[in-house]
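In: okay, here's the prediction I keep looking at, along with the sequence it came from:
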Amino acid sequence: MSGALARSLAVLELLAEHPEGCSLSALATKANMPVSAAHRLLVELSQHGYVRQVRDHGDYMLTIKLVSLGLGFLSRAGIVDVAQPLLDQLATDSGELVRLAIVDGDDLTFVAKAQGAAPGGLRYDPDMGLSVTLSCSAAGHAWLSTMAENVALEMVAKQGFGMPTDFGPNAPTSVKALLPYLRRARQQGYSTIVEVFSPGMTAMAAPVKGPNGEVRGVVTIAGPLVRLTEARMAVLGPKLIATAVEVADISSVSPLFKNKAA
């Protein structure tokens with residue numbers, strides 16, 4: 001990758017972390033480049049419609065062009081359209097937030113969701129487009145549980161362990177702490193976590209597998225611990241697995257998944 005392209009992508013990723021905007025000097029510092037070079041990149045990105053300035057000589061922020069590209073890609077791939085009714089049904093059955101993440105190289109990225117009408121009004125609704133931290137998420141554990149342990153640990157080592165200060169108090173920070181999660185998920189066919197991704201929250205996830213056993217994505221259920229208890233997750237486990245199987249069957253028409261099966 002050329003230096004200019006790498007710096008441009010770094011700037012876009014940094015701006016994605018600051019939806020309220022970011023100053024030129026802060027961007028340059030975070031991207032480890034001279035202010036003049038950062039300014040040239042921002043001007044070019046602005047000319048191509050990916051960045052705009054909040055006010056004259058003020059902060060820079062992303063436009064929705066990148067979002068539009070991503071949504072257009074997913075729409076043409078068809079995965080969200082075919083999977084959404086299944087996610088909606090699982091959300092209705094569970095009363096919690098249900099999401100679909102797809103495997104994209106070494107990453108899992110959430111691309112669709114459905115929010116159940118849970119009683120009490122307490123909702124858990126993180127942003128879409130989130131790239132999953134493998135060691136600290138039910139989705140990550142479900143995917144890793146389908147791999148040989150040495151391969152799974154290599155994936156985690158490449159990404160790095162998440163810290164409890166940034167996630168939940170039970171976030172595993174070592175191989176010894178992580179392996180029991182993966183082994184349990186492998187045994188029961190879905191993963192479960194309690195205050196691992198976030199304090200006071202629980203989640204569960206099942207892998208979406210292709211005809212040859214390759215993992216194409218993950219279906220998750222997430223909610224507050226006071227409602228989505230371990231006992232409740234045990235009840236929902238079979239429904240979660242069944243939904244993952246249905247998503248695998250129906251989404252085989254998507255070119256996004258056909259390419260993964262090739």
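Out: It's in.
In: please make it C-alpha for all contacts and neighbour counts, starting now.
Out: Will do.
In: break this structure down into its domains, please.
Out: 3-63, 77-261 (automatic domain parsing).
In: highest mean neighbour count out of the ones you listed?
Out: Among those, the stretch with the highest mean neighbour count (mean count of other Cα atoms under 10 Å) is domain 77-261, at a mean of 19.
In: so what does the closest residue to Cys22 other than its chain neighbours have for phi and psi?
Out: Distances taken as Cα to Cα, 6 or more residues apart in numbering put Asp59 closest to Cys22, at 4.9 Å, once the chain neighbours are dropped. Recorded main-chain torsions at Asp59 are phi -70, psi 160, according to degrees, to the nearest 10.
In: looking at this, His39 is in a helix?
Out: Yes - His39 forms part of a helix when assessed by DSSP: H, G, I helix; E, B strand; the rest coil.
In: tell me who's in contact with it.
Out: Shown in contact with His39 (Cα atoms under 8 Å, 6 or more residues apart in numbering): Leu24.
In: now it: how far from Ala26?
Out: 11 Å (Cα to Cα, to the nearest Å).
In: isn't Thr243 right next to Leu90, touching?
Out: Yes - here Thr243 reaches Leu90: they are 7.2 Å apart, a contact under Cα atoms under 8 Å.
In: now the domains of the chain in JSON lines, with mean pLDDT?
Out: As requested, the domains of the chain are exported to JSON lines (pLDDT from 0 to 100):
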{"stretch": "domain 3-63", "mean pLDDT": "84"}
{"stretch": "domain 77-261", "mean pLDDT": "87"}
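In: look up how far Ile241 lies from Gly144.
Out: Wrong residue type there; residue 144 is Leu, not Gly. Taking Cα to Cα, one finds Leu144 at 16 Å from Ile241.
In: er, Val175 actually
Out: Distance from Val175 to Ile241, by Cα to Cα: 26 Å.
In: cool, Gln47 as well?
Out: On the measure of Cα to Cα, Gln47 and Ile241 end up 47 Å apart.
In: before we move on, what about Met61?
Out: Applying Cα to Cα to Met61 and Ile241 gives a distance of 40 Å.
In: picking up where we left off before, quick one, what contacts the residue nearest to Cys22?
Out: So Asp59 contacts 21-24, 53 (Cα under 8 Å, 6+ apart).
In: repeat for Ser137
Out: Contacts of Ser137 by Cα under 8 Å, 6+ apart are 193, 196-197, 203.
In: cool, Glu195 as well?
Out: 168-171, 201-202, 225.
In: need the max-distance pair from the residues you listed.
Out: For the contacts of Glu195, the maximum inter-member distance is 15.1 Å, found between Ala171 and Leu225 (Cα to Cα).
In: out of the contacts of Asp59, flag the one nearest to Asn212.
Out: Gly21 (44.7 Å).
In: grab the nearest non-local neighbour of that closest one.
Out: The nearest residue in space to Gly21 (Cα to Cα, 6+ apart) is Met61, at 4.4 Å.
In: so what's the backbone phi/psi at the one you found?
Out: Dihedral angles (degrees, to the nearest 10) for Met61: phi -150, psi 160.
In: I'd like to know which elements the helix or strand hosting Asp93 is packed against.
Out: Here Asp93 is covered by helix 79-94, with elements defined by DSSP states H and E. The contact analysis (3 or more Cα pairs under 8 Å, 6 or more residues apart in numbering; DSSP states H and E) places helix 79-94 against strand 97-104, strand 107-115, helix 230-250.
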